[in-house]
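J.: Would you be able to build a 3D model of this:
(2 chains)
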There are 2 protein chains.
Amino acid sequence: MAHLSDIEIAQAKELQHITKIASKLSIKEDDLELYGKYKAKLPLHLIDEEKVKENNLVLVTALTPTPAGEGKTTVSIGLTEGLNKIGKQATVVLREPSLGPVFGIKGGAAGGGYSQVVPMEDINLHFTGDFNAVEKANNLLSALIDNNLQSKVNNLNIDPRTILWKRVIDMNDRALRQITIGLGGTANGIPREDGFNITPASEVMAILCMATDFDNLKERLGNIFIGFTFDKKPVFAKDLNAENAMAILLKDAIKPNLVQTLEENPAIIHGGPFANIAQGTNTIIATKMGLSLSDYAVTEAGFGADLGAEKFLNIKSAFAGLNPKCVVLVATIRALRHHGGAQKEEYNTPNVERVAEGFKNLEKHIENIRKYNIEPVVAVNSFISDSDEEVKFVVEACSELGVHAVVSEGWAKGGEGTQDLARAVVDVVENKATEFKPLYDWKSPVKEKIATIAKEIYGADDVIYDKKAMLNLRRIDRLGFNDFAICMAKTQKSFSDDDKLIGRPTGFSVTVREIEIAAGAEFIIPILGKMMRMPGLPGKPASEGMSIDNEGVISGLS
Amino acid sequence: MAHLSDIEIAQAKELQHITKIASKLSIKEDDLELYGKYKAKLPLHLIDEEKVKENNLVLVTALTPTPAGEGKTTVSIGLTEGLNKIGKQATVVLREPSLGPVFGIKGGAAGGGYSQVVPMEDINLHFTGDFNAVEKANNLLSALIDNNLQSKVNNLNIDPRTILWKRVIDMNDRALRQITIGLGGTANGIPREDGFNITPASEVMAILCMATDFDNLKERLGNIFIGFTFDKKPVFAKDLNAENAMAILLKDAIKPNLVQTLEENPAIIHGGPFANIAQGTNTIIATKMGLSLSDYAVTEAGFGADLGAEKFLNIKSAFAGLNPKCVVLVATIRALRHHGGAQKEEYNTPNVERVAEGFKNLEKHIENIRKYNIEPVVAVNSFISDSDEEVKFVVEACSELGVHAVVSEGWAKGGEGTQDLARAVVDVVENKATEFKPLYDWKSPVKEKIATIAKEIYGADDVIYDKKAMLNLRRIDRLGFNDFAICMAKTQKSFSDDDKLIGRPTGFSVTVREIEIAAGAEFIIPILGKMMRMPGLPGKPASEGMSIDNEGVISGLS
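T.: As a prediction, the model looks like this:
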């Protein structure tokens, strides 16, 4: 089985018409906005706040990941297949992949092996146009800003040197990171420095994912903080009357997308913000939609639990009133070896001592999840190189902590390989779920909120503020943004802000270098290291290995 | 009636499900790729080359236009309604509007009044994502070029100073016209000058509109000419192995879109290249689709007949083997007054002498159309300010030339107001159509082809070549591109290359300043003046007057 590529497995599957998938969720055909035969958008009126409260939200997150990732999406899809196999009605709710990386190294993000969402080509390419809509809304605001700089009508007196708003493009294109625009004389505007980020790094994406409805979307778009006037007054998108036109561009993007898994179970895929400078999880609307339509909604958040789960819980769940009943911590034996000190060339070599040492990382994540009053389940995402002895160690070590650890074989077997995991999750949901408790109150002082995350979740002794960060704090206070959520921008490779501190580091402090503001998303973003917002292409881009025949059949996409 | 805005008229219309419109064309429901309830993509296998030959192609073009345009799209839609009203099965085949101008001054392009295609909001916004796909394919090539400049793998030794390929964005954004990219050190690439054009100016758009199928699309994409290596060898997109990935991004964009008119007749809308540096008409695939599915396909081409019709006939029809049986020349009394010397403030004031003088412009267009062995019909697109006397003059003057001139009231009355026009068109198609004859042979020498257009169509005495153009001619010869079609880039405001020469100028020469190459589209583009490829926003952008409510209902879009 493992000899087939993801796209070959996906293309071999005969898809069900999306109306059939929708009927499993009791959605009337008239409520579907079809995008071809296998994709549909769902109208917002299908959200039922009672059902959102009643039904069961399961978050899939991971231990501190290796660069290849530990397979959260694959486990989320596999778990959903398994839940349906054991008789629970479950929907997986995922992020949309970004187009840029598809042509770079990383490839797409529609799961893998026999745990995929389909049609994978469409999902990995333009899908239903949501990313494009975000990009256009972002770039309309940019065009309005530059237009205002030289406009004689309603000129806001914006100081071009203070403009924080950047253009975006969904492409791995490093040459656009730092540019100068407006060159060529008076007809072409006011010259200034600018740059493009990749589309998932747009605040518009973060906003779309936090919005609860159209009015809330518009309000948030209007609140985007652009920069300052020459006399130091803050300028917002609403000062340019931009929010309605931006919301018009998002009129369809606000609606969640329905597709299917390889086992014909429903998958809702919607929104895809960065996991470093943003919340790294799908839209609130999609999560609520999943809960409105099925007993179990299985969802995921980017990077390890110190980033993805922390933001999912303290930002998204706290704001939207979501109540996750179980957290699945994905671990791989490979990552445990890494955290136990294995070098890259040893990642695939069994070594139970390394795993035992690396387990400390997983243990800290388990402790962290319990701080939210949520009981975790550990999913060991199975690889061929795993030894029985290593797996046995993890299962027993978890058991000693009172945690179910279950091998998940979704990649190789689909739902057939995840039924044990599904049963463990159901056990937690039905027998051990209590009321979720966020770690901090949004209304606490900014430094207190940051300290709580750093100490409770990362295990840091202290938070150090660089001079720039201190100035930023004062600006936040002056602008009245103290009550925003904290969206930490930190390396995903360590609990700390130092990539090299693997395992469960102690005795360290973290340094806040500067603090950004996403006033529309209502985030304060402490920057703990250099954050990549525009990837580049590799020496031999993935695009070179792709082909399409005269019937439109694609190969080489991964 | 005229008190309602276009969007109000469009929103008041209860739309038919697109499957109903499709059934009028005998399209099976299974062949439709729905995009919501009111839009669908059509698979290429519905094209029937026999029907393309048999059925009747009508081209709508215009006299030399005023800046506001003379209403070709409105007349095309109105004529289609009229044809259906008098019992002919007709489909209108149009270009897709660009998003950028929607937020600028111009507004959208889905017809007007009671001759519109709907849903107008969708058509004017992202529609089915075709423009975005073109943009991404264009910009992937850009990213691959800049990546290659600094790549150690397969470095092509491209001289950055020679790169002709620009990025595109579908936004009116003058600050991106001229930029420098790759700044910020080695990690960000090689610094160089660049710029963004608006998406319809992309050669990828021109290629999509010339492609006959996937293989042809790929071949054309691979043939895109990028620039030169340091040792002066030409570099093409295929040297970067870009054509497959670009075609993958266009896998859905290649399929024409079906929507409906206000009177529930079929409308195929597909592709939208610029009318100055490109061909300014919808895709060959869409035109063939229209002819495959209905007795009459009514289509249009940008600007006046000296540009739009000339390119439609000598480039598109000649390449695709199309045989237009009638050309509708749209004239407005307003434009005739203008060509008769009326100033802008006199445009709406009846003046039969001005109209008589301005008629010379229309007469030249009539003569031109006949050079292709096609009989024209003149549609006087009715305005409230037209006087009976002026209209009578035009009808009689046309009659003296043996041409039917018919008042078209599609804007105010829909198909009810265009039946006379429809009957005049049917008369030409059924009784006067002969075999269309292109004006030049693609295999003729470049300068001969250019001279033919300039002398026969524009009425120029001579063609002058600037030094740069002479160098460009030598390059074209060296690269072996002599057999390409000629795609003239000239002002639309005059038969000549001088905006101010209104009416029917004589005794002038035109100057070719430089000659561009679109090797994938197979165009040689003589540039006869400064061509705008990236519009700006006005002092008060149209976006400021737009709004959207919490149910997603839009107002202020035009």
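J.: you'd agree A:Ala267 is in a strand?
T.: Yes: counting by DSSP: H, G, I helix; E, B strand; the rest coil, A:Ala267 is located in a strand.
J.: My guess is it contacts A:Pro256. True?
T.: No: in this structure, A:Ala267 is not within contact of A:Pro256 by Cβ atoms under 8 Å, at 10.4 Å. C-beta coordinates here come from the backbone N, C-alpha and C atoms, glycine included.
J.: the domain parsing of chain A - what is it?
T.: A:6-128+A:253-430, A:130-247, A:450-528 (automatic domain parsing).
J.: Any idea how far apart the tips of the longest one sit?
T.: It stands for domain A:6-128+A:253-430. Length of domain A:6-128+A:253-430, first residue to last, Cα to Cα, to the nearest Å: 34 Å.
J.: contact partners of the helix or strand A:Arg220 falls within?
T.: For A:Arg220, the element it lies in under DSSP states H and E is helix A:214-222. Helix A:214-222 has contacts (Cβ atoms under 8 Å, 6 or more residues apart in numbering or on different chains) with A:137, A:204, A:207-208, A:210-211, A:236-238, A:242-244, A:246-247, A:250, A:254, A:520-522, B:548-552.
J.: tell me what the following helix or strand past that helix is packed against?
T.: Helices and strands here follow DSSP H and E; after helix A:214-222, the next one along the chain is strand A:225-228. Judged by 3 or more Cβ pairs under 8 Å, 6 or more residues apart in numbering or on different chains; DSSP states H and E, the packing partners of strand A:225-228 are strand A:234-236.
J.: List the contacts of whatever helix or strand comes next after the strand it packs on.
T.: The helix or strand immediately downstream of strand A:234-236 is helix A:243-249, counting by DSSP H and E. For helix A:243-249, the surrounding residues in contact (Cβ under 8 Å, 6+ apart) are A:133, A:136-137, A:140-141, A:204, A:214, A:217-219, A:221-222, A:237, B:103, B:121, B:125-126, B:543-544, B:546-548, B:554, B:556-557.
J.: 6 Å instead?
T.: Residues outside helix A:243-249 that contact it (Cβ atoms under 6 Å, 6 or more residues apart in numbering or on different chains) are A:133, A:136-137, A:217-218, A:221-222, A:237, B:543, B:546-548, B:554.
J.: again with stretch A:432-441
T.: Taking Cβ under 6 Å, 6+ apart as the rule, stretch A:432-441 contacts A:Asn314, A:Ala318, A:Asn323, A:Pro324, A:Lys325, A:Tyr372, A:Asn373, A:Ile374, A:Glu375, A:Lys449, A:Thr452.
J.: Just the buried residues of these.
T.: Buried subset of these (neighbour count, 16 or more other Cβ atoms under 10 Å in any protein chain shown): A:Asn314, A:Ala318, A:Asn323, A:Pro324, A:Lys325, A:Tyr372, A:Ile374, A:Glu375, A:Lys449, A:Thr452.
J.: Where does the prediction get shaky in chain A?
T.: A:1-2, A:106-108 (pLDDT under 70).
J.: Give me the most central residue, it.
T.: Centroid-nearest residue in chain A: A:Gly280, 2.4 Å away (criterion: Cα atoms, centre = their mean).
J.: Nearest spatial neighbour of that residue, chain-adjacent residues omitted?
T.: A:Gly302 (3.2 Å; Cβ to Cβ, 6 or more residues apart in numbering or on different chains).
J.: quick revisit: can you lay out the contacts of stretch A:432-441 as CSV showing secondary structure and distance to A:Lys288?
T.: Listed next are the contacts of stretch A:432-441 as CSV, based on DSSP: H, G, I helix; E, B strand; the rest coil; distance: Cβ to Cβ, whole Å:
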residue, secondary structure, distance to A:Lys288
A:Asn314, helix, 18
A:Ala318, helix, 15
A:Asn323, coil, 12
A:Pro324, strand, 13
A:Lys325, strand, 15
A:Tyr372, coil, 19
A:Asn373, coil, 21
A:Ile374, coil, 19
A:Glu375, coil, 23
A:Lys449, helix, 25
A:Thr452, helix, 27
